[in-house]
Structure formats: structure tokens, C-alpha cells
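Engineer: next comes the sequence, and after it the predicted model I'd like to discuss.
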Amino acid sequence: MAAPDAGAPRPVALITGGSSGIGRALALLLARRGYDLALVARGTERLAEARDAIIAAVPHARVECRSADVGDPVAAAAALCDLVDMLGVPRWAVMNAGIARPGHFLDQPLDDHAAQMRTNYMGALNVAHALAPRMAAAGGGNMIFVSSGAAFFGIYGYSAYAPSKFAMRGLAEVLRVELAPHGIGVTLAYPPDTNTPQLVAENETKPQATREITAGGGLWSAEAVAERIVKGAEKGRFIVAPGAQMTLLAHAHSVLAPALRIWQTRIARARRG
């Protein structure tokens, strides 16, 4: 998709989790490509900081923010309706809000499982469900779901996180088919480890075995990941998997699963030893 015509009304990109990390990098990139922004996140201070930074970099961009928990369907719908009324129906809707709290299944409370499913999957579902009818009526657009390599196969330490990303993957695969006749393209992104505040928080509870299993893809910048996602979506790609490791998993995870399971088991046993 080409950048919008400078003389035409600016299209809108709505991004959840848009106050930091990949979401903020996507927001800045799309603002530079001619989009006004609707940013949704829970932290008001981070949203304000992101808004100020984007406007400083792209003075002509309009950036509207709403603090909301997208895992709450009522709060999410209220924030989205407000933003759509102000800016218009988005051409891009990016479901990026997410949390990750790794840990051992025997130690993690059910609250950890529920929280990650609520934010990562239900948050994406709530936003997509609220916006899809309006986007279809407006002529279509792009929906981007930011998933994870944890959606390819079961990874030690991610019993609370991986199911939420598996569920997001399933939703995106269905919507790819159902929304295509309405002019809505769907992209499913699998970022590698990315240098974000979320990764810092994730590493606080990540078991050592999980660190070893997930190592190898390198550490990407949020800006580099955002660039890959936008380019892939513009080309109409369903899967965007930056880096050699994510690309291999995207195309061969089913074949590799038995070997990956054996490999993980060996690492886990060594860590317990």
C-alpha cells in the first residue's frame, strides 16, 4: 500500500499497546507514512509520553489516546467508539497489547493464566470484534495481530502465555478467510525477542531453562520489527516472521515439533540437575 495522498484526509491507524515497545514503534512509523493515530493502552503517563514523542517527530500528525484495559469488553468498546467518533474508522487496526509472565506450571497461580488470556487473546478479540463491522462498512483495511513464537509449539515455562498466543493465531487464521470478502486484510506477526519494556518484565520471572530454549534468535529493536510488520502488511502477507529463527518456525514448526520437544526436555532436565 502506498503512502496516503498528502491532499486527501489522513487515514487512521489504531494501535493497542501503543504506548511503548513495538506498538509505539509502529505508531511512529505509520505517523511518518501519513496516518493519524488512535492509541490505546492502560498507562496514562506512558500514553502521554508516546503522544508527545510522536508529535515532536511528526508535527502534522494527530494523535489521540485513550487509557483502557482491552481485556474488558465494555471498557474497550467505549474507548474505541470514542476514538472512531473523533478520528474516523481506522484503515489499520493493530492488536498489539500483551503481557508475558513465564513460570513453572506447578508454581503459577490461575490468576496468571487468566490475566494473560484476558489481555493477549480476549483483548485482541474485543478490539477486532468492535472494529471489524465498522471497517467492513467503510470499505476495508488491515488488521494486524501481534503474536509470538510461543504460538508455534509448546515452550517450557510458557504454560500461561503460549495458550493466549495460540488462541490469537487461531482467531487470525479464521478472520483471514472470513473478512477477505469485506476488503479487510489480516496479518499475523511473530516478533523475535525484541528490546522492549515488556521483555524486561518477562525476564524477571523467566525460568533459566526457558531462557536457554528461547535464545538464538538475537535481540531485535522495536523499530526493526515494526518496519517488517508494516512492509509485510502492505504487501498483503498473512504471516510476518522477522529473522531466520521465526521464519523457520513459521514454515516448519509442525515438522520440527518432535525434535523441539526432545531438545526442551533435555534442557529442562539439565536445569533441574
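Structural biologist: Perfect, thanks for sending it. Numbers count the residues shown, from 1 in each chain.
Engineer: any residues touching the helix or strand containing T210, and which ones?
Structural biologist: Assigned by DSSP states H and E, T210 falls within helix 208-214. With contacts defined as C-beta atoms under 8 Å, 6 or more residues apart in numbering, helix 208-214 is touched by 102, 149, 155-158, 193, 203, 263-264, 267-268, 270-271. For glycine as for every other residue, the C-beta is placed from the backbone atoms N, C-alpha and C.
Engineer: what about the helices in the stretch 1-150 of the chain?
Structural biologist: Taking DSSP state H, counting those that start in this stretch to define them, one finds helices in the stretch 1-150 of the chain at 21-32, 44-57, 73-87, 110-116, 123-137.
Engineer: so which of those helices gets nearest G217?
Structural biologist: Among the helices of the stretch 1-150 of the chain, helix 21-32 comes nearest to G217, with 14.8 Å by C-beta to C-beta.
Engineer: which strands or helices does the closest one pack on?
Structural biologist: In terms of contacts (3 or more C-beta pairs under 8 Å, 6 or more residues apart in numbering; DSSP states H and E), helix 21-32 is packed against strand 12-16, strand 36-41, helix 44-57, strand 92-95, helix 222-234.
Engineer: now do the buried residues in that helix.
Structural biologist: G21, I22, G23, R24, A25, L26, A27, L28, L29, L30, A31 (16 or more other C-beta atoms under 10 Å).
Engineer: next one, pLDDT for the fourth one please.
Structural biologist: Think R24. Looking at R24, its pLDDT reads 97.
Engineer: just checking, it touches A222?
Structural biologist: Yes: the criterion here is C-beta atoms under 8 Å, and R24 meets it with A222 at 7.0 Å.
Engineer: which of the contacts of helix 208-214 has the most neighbours?
Structural biologist: Using other C-beta atoms under 10 Å as the neighbour test, the contacts of helix 208-214 are led by Y158, with 27 neighbours.
Engineer: before we move on, back to that, right, and the helices of the stretch 1-150 of the chain - which one's nearest L248?
Structural biologist: Using C-beta to C-beta, the helices of the stretch 1-150 of the chain put helix 21-32 closest to L248, at 21.0 Å.
Engineer: contacts for that closest one?
Structural biologist: 13, 15-18, 37, 39, 41, 50, 53-54, 57-58, 61, 63, 92, 94, 96-97, 146, 191, 194, 196-198, 221-223, 225-227, 229-230.
Engineer: out of those, which end up buried?
Structural biologist: 13, 15-18, 37, 39, 41, 50, 54, 58, 61, 63, 92, 94, 96-97, 146, 191, 194, 196, 198, 222-223, 225-226, 229-230.
Engineer: so where is the protein shaky, pLDDT-wise?
Structural biologist: Applying pLDDT under 70 to the chain flags the ranges 1-8, 273.
Engineer: between the helices and strands packed on helix 21-32, which one is nearest to A138?
Structural biologist: With C-beta to C-beta, the closest approach to A138 among those belongs to strand 12-16: 10.1 Å.
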